[in-house]
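Colleague: Got a predicted structure plus its sequence, pasted below:
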Amino acid sequence: MSTSLAPPGIVHEGTLVPVHNGGDSTIWLPFEKVKLYTNAFIIQDGKILLGYKKRGFGQGLYNGFGGKVEPNETPAQAAARELQEEAGIEAPLRHCGTLFFVLKNFRDHAFYVDIFVAKEYSGTIIETDEMRPQWFSTASEGLEKLDDMLPIPYDKMWADDVFWMPLLLADRPFIGRADLDKDNTMEKWWFAEKTS
Ligand SMILES: CNc1ncnc2c1ncn2[C@@H]1O[C@H](COP(=O)(O)OP(=O)(O)OP(=O)(O)O)[C@@H](O)[C@H]1O
């Protein structure tokens with residue numbers, strides 16, 4: 001499959017296998033600037049570490065740990081810094097995906113987000129001013145759950161997460177774009193697995 005399938009904003013070489021696409025909107029929302037972000041997840045022993053965002057952008061939603069890439073950093077450096085700042089830990093992060101978001105009522109810039117994952121971490125997980133970390137079970141519904149750990153709270157996450165998180169959990173590299181309306185509903189989306 002060729003890269004020309006990918007929506008504007010997505011730059012990728014290699015083989016992409018689309019896994020989801022949809023939405024009523026016929027056009028991708030235009031954007032002027034692109035800002036780089038990171039998002040990092042710890043996944044181990046049937047559980048995933050998410051943080052409840054206590055303030056600022058995405059307040060009230062669970063997400064990985066991340067934020068803006070500063071001008072002097074690489075995305076990998078920013079991911080490590082944000083994980084330390086927001087959860088108090090260090091981890092051998094690996095790049096696992098790239099996502100591009102345009103928010104209908106936040107057109108100042110588009111979000112280019114590098115997603116990182118690690119299977120282990122060091123340090124002690126702490127609650128910070130910005131995030132309250134919490135483990136969730138990665139077991140699918142119907143399968144045995146770990147203790148009383150809750151399943152991933154997709155209803156309290158960004159609406160796009162349910163499309164790509166299964167790929168992250170399966171350690172399958174992915175790429176995608178979602179355009180969202182202000183009430184966290186999906187306008188148009190496209191997600192693909194990277195197979196080379
Ligand atoms: C629209 N659908 C989305 N789905 C999943 N995740 C999304 C997202 N849109 C943004 N994100 C993530 O949300 C964080 C915001 O970061 P944000 O807190 O604003 O950055 P940063 O910590 O640098 O800000 P301040 O220091 O407070 O200015 C950052 O990880 C970014 O990847």
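Modeller: Perfect, thanks for sending it.
Colleague: got the contact list for stretch 72-92?
Modeller: With contact meaning Cβ atoms under 8 Å, 6 or more residues apart in numbering, stretch 72-92 is reached by 36, 38-40, 42, 49, 51, 65-70, 93, 95, 114, 116, 118, 120-126, 128, 130-131, 133. Using the backbone N, CA and C atoms, a C-beta is placed for each residue, glycine as well.
Colleague: Distance from that stretch to the middle of the chain?
Modeller: Here stretch 72-92 shows a centroid-to-chain-centroid distance of 15 Å under the convention Cα atoms, centre = their mean, to the nearest Å.
Colleague: mind listing the helices in this structure by residue range?
Modeller: Counting by DSSP state H, the chain has helices at residues 75-87, 161-169.
Colleague: Chain neighbours aside, what residue packs nearest to Asn21?
Modeller: Leaving aside its chain neighbours, Asn21 sits nearest to Trp190 (4.3 Å; criterion: Cβ to Cβ, 6 or more residues apart in numbering).
Colleague: Dump the helices of the chain to a markdown table, plus distance to the ligand, mean pLDDT and mean neighbour count.
Modeller: Converted to a markdown table, the helices of the chain look like this (distance: least, Cβ to the nearest ligand atom, whole Å; pLDDT from 0 to 100; neighbours: other Cβ atoms under 10 Å):
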| stretch | distance to the ligand | mean pLDDT | mean neighbour count |
| --- | --- | --- | --- |
| helix 75-87 | 6 | 97 | 21 |
| helix 161-169 | 6 | 96 | 20 |
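Colleague: Switch the ones you listed over to CSV; also include distance to Val19.
Modeller: Output for these, formatted as CSV (distance: least, Cβ to Cβ, whole Å):
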stretch, distance to Val19
helix 75-87, 23
helix 161-169, 7
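Colleague: burial count for the residue nearest to Asn21?
Modeller: 23 (other Cβ atoms under 10 Å).
Colleague: Show me which residues of the protein sit near the ligand.
Modeller: 37, 39, 56-58, 63, 66-68, 101, 111, 113, 158, 160-161, 180 (Cβ under 6 Å from any ligand atom).
Colleague: 5 Å instead, please
Modeller: Tyr37, Asn39, Gly56, Phe57, Gly58, Gly66, Gly67, Lys68, Phe101, Val113, Trp158, Asp160 (Cβ under 5 Å from any ligand atom).
Colleague: Report the buried members of those.
Modeller: Tyr37, Asn39, Gly66, Gly67, Phe101, Val113, Trp158, Asp160 (16 or more other Cβ atoms under 10 Å).
Colleague: want to throw those residues into JSON lines with distance to Leu167 and pLDDT?
Modeller: Converted to JSON lines, those look like this (distance: Cβ to Cβ, whole Å; pLDDT from 0 to 100):
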{"residue": "Tyr37", "distance to Leu167": "18", "pLDDT": "98"}
{"residue": "Asn39", "distance to Leu167": "14", "pLDDT": "98"}
{"residue": "Gly66", "distance to Leu167": "17", "pLDDT": "97"}
{"residue": "Gly67", "distance to Leu167": "22", "pLDDT": "96"}
{"residue": "Phe101", "distance to Leu167": "16", "pLDDT": "96"}
{"residue": "Val113", "distance to Leu167": "14", "pLDDT": "98"}
{"residue": "Trp158", "distance to Leu167": "15", "pLDDT": "97"}
{"residue": "Asp160", "distance to Leu167": "12", "pLDDT": "97"}
